[in-house]
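J.: structure of the sequence below:
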Amino acid sequence: LGCELTASTKSYTFQVDEEDDSDHILALSVVCLTDGATDECNVVEVVGRNHENQEIAVPVANLKLSCQPLLSLDNFRLQPPVTFRLAAGSGPVHLAGWHRIMHREDASFEEDDDLSEEDEEELPPIMPAKK
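T.: Numbering: from 1, shown residues only. Predicted coordinates for the structure are as follows:
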């Protein structure tokens with residue numbers, strides 16, 4: 001992932017093909033001001049959808065040339081589709097990160113229909129995550 005937000009290009013949307021049955025992870029690593037930025041607040045938002053399919057916008061960076069021109073987000077993970085928006089300021093703000101595609105294994109996503117309610121009660125309440 002690499003994109004730049006400016007006064008003329010205030011948003012960038014990363015999306016994947018809806019018919020793609022792979023799992024996609026988008027990770028945001030760095031948000032930074034680039035050449036041409038002035039000393040103003042530049043607020044970058046991530047716009048996505050919640051579990052009720054309502055749009056939500058969350059500010060992830062507030063950059064200013066004189067005090068915080070760069071922010072490391074330590075691979076902040078998002079699930080596409082997601083939009084990055086310059087909510088305030090005129091940039092330019094550069095966003096960098098990575099995109100990983102994990103192909104699903106058919107067998108690992110099958111539900112085990114053999115469990116009855118009695119069997120489920122015998123399982124421990126918390127199972128450790130499998131790696």
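
J.: show me what Asp23 is bridged to.
T.: Asp23 has these beta-bridge partners by DSSP bridges: Met102.

J.: pull the contacting residues for the residue nearest the centre of the chain.
T.: Centroid check for the chain by Cα atoms, centre = their mean gives Leu78 as the closest residue, at 2.1 Å. In this structure, Leu78 makes contact with 25-28, 46, 48, judged by Cβ atoms under 8 Å, 6 or more residues apart in numbering. Where C-beta positions appear, they are placed from N, C-alpha and C, glycine not excepted.

J.: neighbour-wise, which one of the residues you listed leads?
T.: Among those, Leu28 has the most neighbours (other Cβ atoms under 10 Å), with 25 neighbours.

J.: what are the bridge partners for that one, then?
T.: With DSSP bridges as the rule, Leu28 is bridged to Phe76, Gly97.

J.: go ahead and confirm it touches His94.
T.: No - in this structure, Leu28 is not within contact of His94 by Cβ atoms under 8 Å, at 11.5 Å.

J.: please enumerate the helices of the protein.
T.: 117-122 (DSSP state H).

J.: any low-confidence regions in it?
T.: Along the chain, segments meeting pLDDT under 70 span 18-21, 104-131.

J.: do a quick rundown of the strands in it.
T.: Along the chain, the segments classed as strands by DSSP state E run 2-5, 11-14, 23-33, 42-49, 55-63, 70-78, 82-88, 93-102.

J.: thinking again about what came up before, tell me how far the residue nearest to the centre of the chain lies from Ile56.
T.: Distance of Leu78 to Ile56, given as Cβ to Cβ, to the nearest Å: 12 Å.

J.: what do these two both touch?
T.: Counting by Cβ under 8 Å, 6+ apart, the shared contacts of Leu78 and Ile56 are Gly48.
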